[in-house]
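Chemist: Sequence and computational prediction follow.
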Amino acid sequence: MEYSEIEELLNRYLEGETTLEEEALLREYFSHSALSPKHLEMQEMFRYYADANHAAAAPFDITDELSAVIECEWKKETRNRFRHAFAWAGSAAAVLAISFGIYHYLNTSEATVKDTFKDPRMAYLETKRALLLVSNTMNRNTASLKYLAKVDESFNHIKKITEIDKVVNSVKNKLR
Amino acid sequence: MVSAQNSAVDQLFAKYADKDGFTAVSISKGMFNLFAGENESKDEFSKAVKGLESIRILTPDETLQKGNLNFYKEISKNLPIAQYEELMSVKEKDQVFKMLIRKKGNVITEFIMIGGGKDNVLICITGIINLKSISKLSKAMDIEGMENIDKIDKN
């Protein structure tokens, strides 16, 4: 390559107007040792870039940088979220432990009877029926000396009473 | 404290609750508290229920009752009756009722009634049991019932 050609290419290079091919030509030129002393300075620069394996010249990639930042933030975020999750799990465990304790306490102090009825009214009627049966039997013992009451009668009696009770309660509720 | 005492009855209920032809009913203190508030606490029923921990009732279904099931024998076979005090025993032609209690000091903490024969039933009550109130109940209910019927007419 002629000196003038090099000079012109260099000027355009410094202006940033060279094509990739022309830059390759320049690099090629500066990799040779026999140069005019005017270009020594430029040669140093070209060599520097070549030695640095284009690392320094590696274009600054905004997307890489951004994604790195995003990833970093995301990691922080998830760590925080986990921290929240752990906090939740911790409090949930505490609540469970406490309620189990209470349940256990109530259970041991109130025997292990599970309610058959969910409806208090049904439980109420059944309780009344059972207590009345006991009551009737108690009273029948003395009465049985006078006459032998038939069991069926006493059972019907209880049924009647619960019927009456139903009516009375429904009336009471209406009055309210 | 109660559960240790009840173990024999617990076992009995556990045994029959899942058996075909038996109906087991349990009512707990929580329920008593729920419906105790509905009535004025003065009436005999509320008095009788007050202090109770639980009521459990076991009855064989009609099909079994018509068979040769001797419920009284069946139940007493599985109960350590010697651990109980007999409160009352009713024997009639084709019906037996037996009431058993357990005391702590002067307080009755457990009551069991077994009916066998024409009518078969096992009732087990725990808690602080006021037998006087329960005994008064049948008469009191009659009277209350009648009073309330009068009220219905007036209204």
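Modeler: Done, it's in. Residues are numbered from 1 along each chain as shown, chains lettered A, B, ... in the order given.
Chemist: Need phi/psi at the residue positioned nearest the centre of chain A.
Modeler: In chain A, the centroid-proximal residue (CA atoms, centre = their mean) is A:A85; its distance is 6.1 Å. Note on A:A85: its backbone torsions stand at phi -60, psi -40 [degrees, to the nearest 10].
Chemist: next one: B:N130
Modeler: Given degrees, to the nearest 10, the pair of backbone angles that B:N130 has is phi -100, psi 90.
Chemist: For it, give its distance to chain A.
Modeler: B:N130 sits at a distance of 11 Å from chain A (criterion: CB to the nearest CB, to the nearest Å). Where C-beta positions appear, they are placed from N, C-alpha and C, glycine not excepted.
Chemist: Would you agree that residue is in contact with B:G51?
Modeler: Yes. B:N130 lies in contact with B:G51 (CB atoms under 8 Å); the separation is 6.5 Å.
Chemist: who's more crowded, the two?
Modeler: Taking neighbours as other CB atoms under 10 Å in any protein chain shown, B:N130 and B:G51 compare with B:N130 leading, 18 against 15.
Chemist: How is the residue nearest the centre of chain B assigned, secondary-structure-wise?
Modeler: What sits nearest the mean C-alpha location of chain B, by CA atoms, centre = their mean, is B:I123, with 3.4 Å. Secondary structure state of B:I123, per DSSP: H, G, I helix; E, B strand; the rest coil, is strand.
Chemist: Show me the shaky parts of chain A.
Modeler: A:1, A:33-35, A:52-60, A:106-112, A:141-159 (pLDDT under 70).
Chemist: domain ranges for it?
Modeler: Following automatic domain parsing, chain A resolves into domains at A:3-51, A:60-113, A:120-175.
Chemist: Can you tell me which of these is packed in deepest?
Modeler: With neighbours defined as mean count of other CB atoms under 10 Å in any protein chain shown, the domains of chain A peak in mean count at domain A:120-175, which reaches a mean of 16.
Chemist: about what we covered before: per-residue pLDDT, the residue nearest to the centre of chain B?
Modeler: At B:I123, the predicted lDDT confidence score is 94.
Chemist: ok, it to chain A distance?
Modeler: 5 Å.
Chemist: residue contacts, that residue?
Modeler: A:A130, A:L133, A:V134, B:I55, B:R56, B:I57, B:L58, B:F111, B:I112, B:M113 (CB atoms under 8 Å, 6 or more residues apart in numbering or on different chains).
Chemist: Please enumerate the helices of chain A.
Modeler: A:3-15, A:20-31, A:40-51, A:62-109, A:120-143, A:151-175 (DSSP state H).
Chemist: possible to save those as TSV with distance to chain B?
Modeler: Below are the helices of chain A laid out as TSV (distance: least, CB to the nearest CB, whole Å):
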stretch	distance to chain B
helix A:3-15	92
helix A:20-31	87
helix A:40-51	86
helix A:62-109	7
helix A:120-143	4
helix A:151-175	4
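Chemist: B:K47: which of the ones you listed is closest?
Modeler: helix A:120-143 (10.7 Å; CB to CB).
Chemist: CA atoms only: put that closest one into CSV for me.
Modeler: Output in CSV follows, covering the C-alpha atoms of helix A:120-143 (Å, rounded to 0.1, in the frame of the first residue of the first chain):
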residue,chain,number,x,y,z
PRO,A,120,-78.1,-27.5,68.4
ARG,A,121,-81.9,-28.0,68.1
MET,A,122,-81.5,-31.7,67.3
ALA,A,123,-79.0,-32.1,70.1
TYR,A,124,-81.4,-30.3,72.4
LEU,A,125,-84.2,-32.6,71.5
GLU,A,126,-82.1,-35.7,71.9
THR,A,127,-80.7,-34.6,75.2
LYS,A,128,-84.2,-33.9,76.4
ARG,A,129,-85.4,-37.3,75.2
ALA,A,130,-82.5,-39.1,77.0
LEU,A,131,-82.9,-37.2,80.2
LEU,A,132,-86.7,-37.7,80.2
LEU,A,133,-86.2,-41.4,79.6
VAL,A,134,-83.9,-41.5,82.6
SER,A,135,-86.3,-39.3,84.6
ASN,A,136,-89.3,-41.4,83.7
THR,A,137,-87.5,-44.6,84.6
MET,A,138,-86.5,-43.2,88.0
ASN,A,139,-90.1,-42.2,88.8
ARG,A,140,-91.5,-45.4,87.4
ASN,A,141,-89.6,-47.4,89.9
THR,A,142,-91.8,-46.1,92.7
ALA,A,143,-94.9,-46.0,90.6
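Chemist: is it true that A:K114 touches B:S26?
Modeler: Yes. Between A:K114 and B:S26 there is a contact under CB under 8 Å: 5.8 Å.
Chemist: By average pLDDT, which secondary structure element in chain B comes out worst?
Modeler: helix B:131-154 (a mean of 65; mean pLDDT, DSSP states H and E).
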